[in-house]
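**Student:** Below is the sequence, then the predicted model.
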Amino acid sequence: MKLLTTALVAGAVLFGAGAAQAEKLVIAGRDGGYAKALAMAVEMYKAKNPGLEVERLELPYGGLLEKATISLREKAGAYDVVMLDDTWAVEFMSNGWLADLDKLGGGVDEDFVKPARDVSRYPVESGPHYAVPFVGNVELFAYRKDLLAKHGFGRPTSWTDVVAAAKVISEKESGVSGLVFRGKKANPIVTGFLPILWAHGARIVGADGKSHLDSDSALAALELYLSLKPYAPKGVETYNSSEVRDALMQGTTAMTIELWPSWAPSLDDPAKSKVPGKIEIMAAPGQVQGPAPMLGSWLLAVPADAKNAKRGRDFIDFLTSAAMQKKLALELGTPPTRAAVYKDADVVAKYRWYPAQVEALQNAQPRPRITQWSKVEAIMGDYLQLALIGEMEPKKALMEANKKIARALKR
C-alpha cells in the first residue's frame, strides 16, 4: 500500500510538472473586426498545434497602445505577439522593443505590398524587418460614375478635376452635394487632407525630420482643399466617418475624398445602399505628382522580451500566409497585404474594387516616420479646421502650424 501511494504521489508530481510546462502563446490585439480575424486564425492554428494554449487580448486602439507600450518598455515579457498601428512602429522599433524578425527567421517575402513592407522595417525601407504587415488599410477615393458621366466627366485624374466636377454637380443636381469629406478636427481632417498635400509634392515633415509647411506647394494644397468646401454638405466641418458613409450610401453625394476598405462592401449591398453598383473606388487623384493615398496598415510583431518568440513568429507567418489572407478577406473582409491575394479570382469576384485597392496600396504613402506624430497630427488638425471654418487665412494657418510643429519635433 505504501509503495502504491508513493507511486501515485510521484505520478501526480510528474503530471503537474508537465502541465506547468504546457506551451502558451499570448497575443495582444485589437477589438472589433480585427478581433474576429485573429480569433478565426487562432482557432485554425490551435487545430494544427494540439495542446497549445493561446491567450488573446481584444483591446481598443488606445488601450492596446497603452498596454503594449508599458509592457515592452518595462520588459515585462507579457506578450508573444503584438498588433501595431504603423504610426506606432517607429517608437517601438527605435527603442529596441521588438525582435528582429530577420534574425528570428523567415524575413518578410516580396509578395507583401511594398509600402506596407517598408514600414515594417527600421530604418524604414532599408533596415531589418521588425514586423509583418497584417491589414492592408489604405485611404481610397470614391465617385458616382453615373453622375459624373451624366455631366460629361470621366474618372478624376487630378484634384483639379475633382473641383470641376464637384462644382457642376452641386449646381445641377438637386439634393446632391458635389463631394463629402471628414471635416472634424484632429485625425479626421488631417487624414483627408494628406493625399491632397502629398499630390502637390508637399510634406508636413520632410525627410530631414523638419517641418515643411512653409512652402508654396503646401499653400497650393490647402487652397485647393478649402475650395472643396462650397460643394460639400452644410456643416461638413463636423463630419466624421458615419456622416461620410451615410452620404455615399444614401446617394446624396457624388464623391468622397476618403473611403476605407471596411466601408466598401456595404456600397454594393441593396439592403444598405440606395446606389448599389454605381460607386467606383480608386486611388486618390494626383496633381503635381501621381496618386499619393495614405497608408493605414496594421502590423504584427514579436516583442524583444517575448517568452515564446519562435512560436510567436510561427503564428505570424501562419496568419499572414496567402491562404489565410484569402480566407480572412472572403469571410470577414479583412484587407490583405499580399499582392497575390488581390489578384485571386475568387477574391476579385467578390470584391470588384480590389484591383483598384491594390493599386492604391502600391502607391500609398506612410505618415511621417517620427515618434512625435500624434502631437504633429493634433497641431495640424487644429489649424486645418481654423482655415476650414474661415477663422484663419490659409497662409497664416500653415505658418502657425509650421512653428508649433517645429517646436514639437525638437522635444
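**Tutor:** Arrived safely, thanks for sending. Numbering: from 1, shown residues only.

**Student:** in what helix or strand does Ser170 lie?
**Tutor:** Assigned by DSSP states H and E, Ser170 falls within helix 159-172.

**Student:** Would you mark the buried spots in that helix?
**Tutor:** Neighbour-count burial for helix 159-172, counted by 16 or more other C-beta atoms under 10 Å, picks out 159, 161-163, 165-170. The C-beta positions use only the backbone N, C-alpha and C, and glycine is treated the same way.

**Student:** same question, stretch 114-130
**Tutor:** Buried residues in stretch 114-130, counted by 16+ other C-beta under 10 Å: 115-122, 124, 128-130.

**Student:** Give me the mean pLDDT for that stretch.
**Tutor:** Averaging pLDDT along stretch 114-130 gives 95.

**Student:** ok, back up a step: closest to Val26 among the buried residues of stretch 114-130?
**Tutor:** Nearest to Val26 out of these is Tyr130 (C-beta to C-beta; 18.5 Å).

**Student:** Would you agree the closest one is in contact with Ala89?
**Tutor:** Yes. Applying C-beta atoms under 8 Å, one finds Tyr130 in contact with Ala89, separated by 7.4 Å.

**Student:** where does Tyr383 land on pLDDT?
**Tutor:** Listed pLDDT for Tyr383 reads 98.

**Student:** again, but for the one 5 residues further on
**Tutor:** Leu388 is assigned a predicted lDDT (pLDDT) of 98.

**Student:** I'd say it and Lys184 touch.
**Tutor:** No. Counting by C-beta under 8 Å, Leu388 does not reach Lys184; the two are 10.0 Å apart.

**Student:** Touching both of Tyr130 and Ala89, which residues are there?
**Tutor:** Each of 120, 122 lies in contact with both Tyr130 and Ala89 under the rule C-beta atoms under 8 Å, 6 or more residues apart in numbering.

**Student:** Show the residue spans covered by the helices in the stretch 151-300 of the chain.
**Tutor:** Using DSSP state H, counting those that start in this stretch, the helices of the stretch 151-300 of the chain run over 159-172, 187-199, 216-227, 241-250, 264-267.

**Student:** Of these, which shows the lowest average pLDDT?
**Tutor:** Among the helices of the stretch 151-300 of the chain, helix 264-267 scores lowest, with a mean of 92.

**Student:** still on that earlier bit, pick out the most distant pair among the buried residues of stretch 114-130.
**Tutor:** Spanning the widest gap among the buried residues of stretch 114-130 are Pro115 and Pro128, at 17.6 Å by C-beta to C-beta.

**Student:** how about Ser273, what does it touch?
**Tutor:** Per C-beta under 8 Å, 6+ apart, neighbours of Ser273: 248-249, 251, 266-267, 279.
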